[in-house]
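In: Using only what follows, build the 3D model:
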Amino acid sequence: MPQMNKGGKFIFGRSLIRENGLVRLPPQAVREYDITAEGKVYLFTGSKITGGFCVTRHGLLGPSKLGHILQGTPQLLNYTSEPGKFIPYKGRSYCWVPVTPSGEIQMPVDTLRFLSLFPGMSLLSIRSSDIAFTMGAKGPLLERAERYEGEIPVY
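Out: Next up is the predicted model:
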């Protein structure tokens, strides 16, 4: 998978939002973050510039310096909130959704609407940190990906 410019962000690929809200996460990101290990993932709102959402799981988020997010939102920690229902916490919003063993997540209509996403959109999967990866929907990185002459796989 490409690094579109020297020292730039690493791109895992693109994921299409299917008509039924299904999103297949790029296999390399799924492996690198062991994202299917718990059968559930946390999504949180992306940056204002990139939009979309970030993907992580309890085993990565909980022990990190951002573990306070789960302590401050017990309905996320215990998965007692409705899947895909965003909960605001300190400037961002968080939810959880099931993930299949092959790395697919189902985005309910209200979840897509909350994130200003819609079926047919292409999301760029970007390595963000050792805790989460981003599924970006807009901004300069996506514009650069459109002009990239190499191959960016689509899932």
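In: Now do the strands in this structure.
Out: 11-16, 22-24, 40-45, 53-56, 87-89, 92-98, 104-106, 122-127, 133-136 (DSSP state E).
In: Nearest to residue 154, out of those?
Out: Closest approach to residue 154 among these (CB to CB): strand 11-16, 4.7 Å. (Glycine included, C-beta is placed from N, CA and C.)
In: which residue sits closest to residue 80, ignoring its sequence neighbours?
Out: Spatially, and ignoring its direct neighbours in sequence, residue 80 is nearest to residue 74 (7.5 Å; CB to CB, 6 or more residues apart in numbering).
In: and that neighbour, how far is that from residue 64?
Out: Going from residue 74 to residue 64 by CB to CB, to the nearest Å gives 18 Å.
In: What lies in contact with the lengthiest helix in the chain?
Out: Of all the segments assigned as helix in the chain under DSSP state H, the longest by residue count is helix 140-147. Outside helix 140-147, the residues that touch it by CB atoms under 8 Å, 6 or more residues apart in numbering are 4-5, 9, 11, 14, 49-50, 124, 126, 136, 152.
In: quick revisit: and residue 74 and residue 64? Which one has more around it.
Out: Shown here are residue 74 and residue 64; by other CB atoms under 10 Å, residue 64 has more neighbours (16 against 10).
In: Would you list the phi and psi of the more buried one?
Out: Note on residue 64: backbone dihedrals following degrees, to the nearest 10 are phi -80, psi 180.
In: Residue 152 against residue 12, yeah?
Out: No. With contacts counted by CB atoms under 8 Å, residue 152 stays clear of residue 12, the gap being 9.0 Å.
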